[in-house]
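Chemist: Need the 3D shape of this:
(one chain, ligands or ions: 1)
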Amino acid sequence: MNTQKSPREITRAVTPCGTTEGYMPGFGNDFETEALPGALPQGQNSPQRCNYGLYAEQLSGTAFTAPRGQNERTWYYRIRPSVKHSARYQKIDLPYWKSAPNVNPDVISFGQYRWDPMPNADQPLTFLTGMRTMTTAGDVNTQIGLANHVYLITSSMEDEYFFSADSEMLVIPQEGRLRFYTELGIIDLEPKEIAILPRGMVFRVKLVEGPARGFICENYGQKFDLPGRGPIGANCMANPRDFKTPVAAFEDREVPSRVVVKWCGQFHETHIGHSPLDVVAWHGNYAAVKYDLRTYSPVGAILFDHPDPSIFTVLTAPSGVPGTANIDFALFRERWLVAEHSFRPPWYHKNLMSELMGNIYGIYDAKPQGFVPGGLSLHNMMLPHGPDRDAFEAATTADLKPEKLDNTMSFMIETRFPQQLTEFAAKEAPLQDDYIDCWKDLEKKFDGTPGLK
Ligand SMILES: [Fe+2]
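Modeler: Numbering: from 1, shown residues only. The predicted model follows:
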């Protein structure tokens, strides 16, 4: 019997890194990647001597003893160990980048607030100098809470590198294109995408197309994870395969370089003679990742009523209290509205959680006016909010045919902790003084007689 298989019976993949060049798919996978052949040890983490004369080093993103399902670490194989990317430190000041606790007695955080887009700067601003903190919550020193920033970037980081020991950073571009050169590889990022940069991972940011503006949520607490889907099942919302982690890439550059570190809310610099982005190969599950928001599959009401906005959660960072997140990142994007005999926009409400929203593009259905792309709003803990008068009148008189909300993408950063405004947010940023007036013209329709008014 002839057992030889013809070539057609076995066809092997020729794209060893998945189907998106330069990235590996999956969320929290155990990845492995090498920029030079044979750089990654096989079968063990710490050989007596590494190939190419590389140094082995572990970056732990969780405590050594964290439960297996949460335990994250990555092994780097690099030209120099990180101790060579660190010299004596000096404190530096980045006056617009604030950390919690940052409670300013001259600022009233209790209120409904909305901001126009921050105007782009007319001076060179990098990822570091262009960070403008809007709100903070919790305490960076006890690793709970967050900071929300707007970034305004007009210049690349040249021979300058950064890492945050305080936080993982969720980056949400709104205008312009950025390239993140990280220890793990290269992430290109543009509007409609997001990236998560892990705590402790070194990177620099190049402005590819500018000026660039966007939002950053610094998460001081437990890492972002995908939310449980419950009865929704295994599919829809954010699917793990749509998250992309970069393949290994390294710099072998011997030039005077500056490394800036954020640690306990303070900034420090050190000067070295080479690029710290010298990781030739790595493996592990503690990694940078990007995600295309256009792959988010919304799930919603298909007969009547309006579900809680948590139905649109993309990522959640737990706080230790089940279901009560340190941060939920929710996405309001294009979708069909089909609910019968229902008030279709978000309802009026007050919330234990504090809600910061940003508009990436288009019109948000509860606020047809005033909440514009690049703008932000804040509805703090237990502050009432909901549709403005025009949205209410339109929604209560509409012919409820199936309707597509098109060309719209906004997001919400929701936290269990009240958010404190920075002085910049209250006094320098383009705050809309008349935001509260959007509800002023809501009428009293009740006159004691029954019937739909
Ligand atoms: Fe809300």
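Chemist: low-confidence ranges in the stretch 251-400 of the chain?
Modeler: 366 (pLDDT under 70).
Chemist: Tell me where it has helices.
Modeler: Per DSSP state H, counting those that start in this stretch, the stretch 251-400 of the chain carries helices over the ranges 389-397.
Chemist: Going along the chain, name the strands of it.
Modeler: With strands called from DSSP state E, counting those that start in this stretch, the stretch 251-400 of the chain shows them at 257-263, 266-272, 279-284, 289-292, 313-317, 327-337, 354-362, 376-379.
Chemist: For the fourth one, name the packing helices and strands.
Modeler: Spelled out, it's strand 289-292. With contacts taken as 3 or more CB pairs under 8 Å, 6 or more residues apart in numbering; DSSP states H and E, strand 289-292 sits against strand 193-197, strand 243-246. Using the backbone N, CA and C atoms, a C-beta is placed for each residue, glycine as well.
Chemist: Can you name the residues in contact with that strand?
Modeler: With contacts defined as CB atoms under 8 Å, 6 or more residues apart in numbering, strand 289-292 is touched by 23, 27, 187, 189, 192-196, 238, 242-245, 314.
Chemist: what distance separates that strand from the middle of the whole chain?
Modeler: Offset of strand 289-292 from its chain centre (CA atoms, centre = their mean, to the nearest Å): 9 Å.
Chemist: picking that back up, any chance of TSV for the strands of the stretch 251-400 of the chain, columns mean neighbour count and distance to residue 141?
Modeler: Below are the strands of the stretch 251-400 of the chain laid out as TSV (neighbours: other CB atoms under 10 Å; distance: least, CB to CB, whole Å):
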stretch	mean neighbour count	distance to residue 141
strand 257-263	20	10
strand 266-272	17	11
strand 279-284	24	27
strand 289-292	20	27
strand 313-317	22	18
strand 327-337	21	18
strand 354-362	22	20
strand 376-379	24	24
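Chemist: Which residue, neighbours along the chain excluded, lies closest to residue 265?
Modeler: residue 99 (3.2 Å; CB to CB, 6 or more residues apart in numbering).
Chemist: what does the model give the one you found for pLDDT?
Modeler: The per-residue pLDDT reported for residue 99 equals 98.
Chemist: Distance check, it against residue 195.
Modeler: Distance of residue 99 to residue 195, computed by CB to CB, to the nearest Å: 21 Å.
Chemist: Equivalent analysis for residue 108, please.
Modeler: 33 Å.
Chemist: Surely the residue nearest to residue 265 touches residue 147?
Modeler: Yes: Residue 99 is in contact with residue 147 according to CB atoms under 8 Å; the separation is 6.0 Å.
Chemist: Counting neighbours, go ahead and name the busier of these two.
Modeler: Using other CB atoms under 10 Å as the criterion, residue 99 and residue 147 rank with residue 147 on top: 29 against 24.
Chemist: So for residue 108 and residue 195, which residue has more residues nearby?
Modeler: Neighbour totals were compared for residue 108 and residue 195, and residue 195 leads with 24 against 10 (other CB under 10 Å).
Chemist: Contacts only, for that one.
Modeler: So residue 195 contacts 170-171, 180, 187, 189, 288-291 (CB under 8 Å, 6+ apart).
Chemist: ok, what's across the strand from it?
Modeler: Beta-bridge pairing of residue 195 under DSSP bridges involves residue 171, residue 290.
Chemist: can you check residue 146 too?
Modeler: The partner residues for residue 146, given DSSP bridges, come to residue 137, residue 219.
Chemist: any idea how far residue 224 is from it?
Modeler: Relative to residue 224, and taking CB to CB, residue 146 is found at 11 Å.
Chemist: Overlap of the contact sets of those two?
Modeler: Common neighbours of residue 146 and residue 224 (CB under 8 Å, 6+ apart) are residue 327.
Chemist: So the two - more neighbours on which side?
Modeler: residue 146 (28 against 25).
Chemist: Skipping its backbone neighbours, what lies nearest the residue positioned nearest the centre of the chain in space?
Modeler: Note on the chain: the residue nearest the mean C-alpha position is residue 170, at 2.3 Å, using CA atoms, centre = their mean. Distance criterion CB to CB, 6+ apart; nearest residue to residue 170, sequence neighbours excluded, is residue 217 at 4.3 Å.
Chemist: Brilliant, that's me finished.
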